[in-house]
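Visitor: okay, predicted coordinates and the sequence, questions at the end:
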Amino acid sequence: MATRTIQLEIKRQASPDEPSVWERFEIEARPGMNITSALMEIAANPVTADGKPTTPVTYDSNCLEEICGSCAMRINGKARMACSALVENLEQPIKVEPLSKFPLVRDLQVDRGVLFENLKTVKAWVPIDGTYDLGAGPKQLPQQQEVNYPLSNCISCTCCMEVCPQFNEATGFVGAATIAQVRLFNNHPSGKVLKEERLRALAGDGGIQECGFAQNCVEACPKQLPLTTSISEVSRDVLVQQVKDLLTL
């Protein structure tokens, strides 16, 4: 029985200042193989399809089960997770590229630190600290838990930011993931103490007013977060907060 092979075309770049090149690889197909396992196969024997020795492809990966969000890249032109992109479902040759809207580190690895800076700007955390016993936390109704749980599934993959036409250097838009986390922490019984500060942050430069409601983020989100609902609700809250601030001047 003939061995089935997979062809991959991978965009390589040794550093941000070096020119990019495409390298073609051909590896043996295995049942259930995903893009991450294909990159691991290449790393074990880094030779191109034409027999030229090369270096292992640099990429980010960790959990291999669509939880950590680190392996986001463009696969056949779409932003998605390499660990859940099954090779057998992809058109060949499979084209693999880094995300395009983040500073390149090397090959498929990019610096997505802007997301975490945005999360710090909106104080996306519950402001409770201390090693002492804080006692029982405030109770939440099951109905509120049902709203909040999907928002807590964000894996910081930045796929929503990659596909957003408004996320660019000109607008400085924080992106859908940050807005969804504002909704999550503003809904939290303890986290809502910082609600006004979060809403004021989103009213500033790069805030929620930059969203064009293209809804590309919903299509790209691997965890199916209710992003457009979150953007609509937070946008309303930001507007209400702005009116309150005007009335208190």
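Guide: On my side now, so go ahead.

Visitor: report how many residues lie close to residue 140.
Guide: Number of residues near residue 140 (other Cβ atoms under 10 Å) recorded here: 14. For the C-beta atoms, the positions are set from N, CA and C on the backbone; glycine is no exception.

Visitor: surely it is within a strand?
Guide: No: counting by DSSP: H, G, I helix; E, B strand; the rest coil, one finds residue 140 to be coil, located in no strand.

Visitor: which non-adjacent residue is nearest it?
Guide: Excluding the flanking residues, the one nearest residue 140 by Cβ to Cβ, 6 or more residues apart in numbering is residue 189, at 6.3 Å.

Visitor: show the pLDDT at the one you found.
Guide: Residue 189 carries a pLDDT value of 91.

Visitor: what's the spacing between residue 18 and residue 106?
Guide: 9 Å (Cβ to Cβ, to the nearest Å).

Visitor: give me the more crowded residue out of these two.
Guide: Neighbour comparison, residue 18 and residue 106: the larger count goes to residue 106, with 17 against 11 (by other Cβ under 10 Å).

Visitor: which strand or helix spans the residue lying closest to that one once chain neighbours are set aside?
Guide: Once flanking residues are discounted, residue 106 sits nearest to residue 58: 4.4 Å by Cβ to Cβ, 6+ apart. For residue 58, there is no enclosing helix or strand under DSSP states H and E.

Visitor: does residue 58 really touch residue 108, like I thought?
Guide: Yes: between residue 58 and residue 108 a contact is recorded at 6.5 Å, counting by Cβ atoms under 8 Å.
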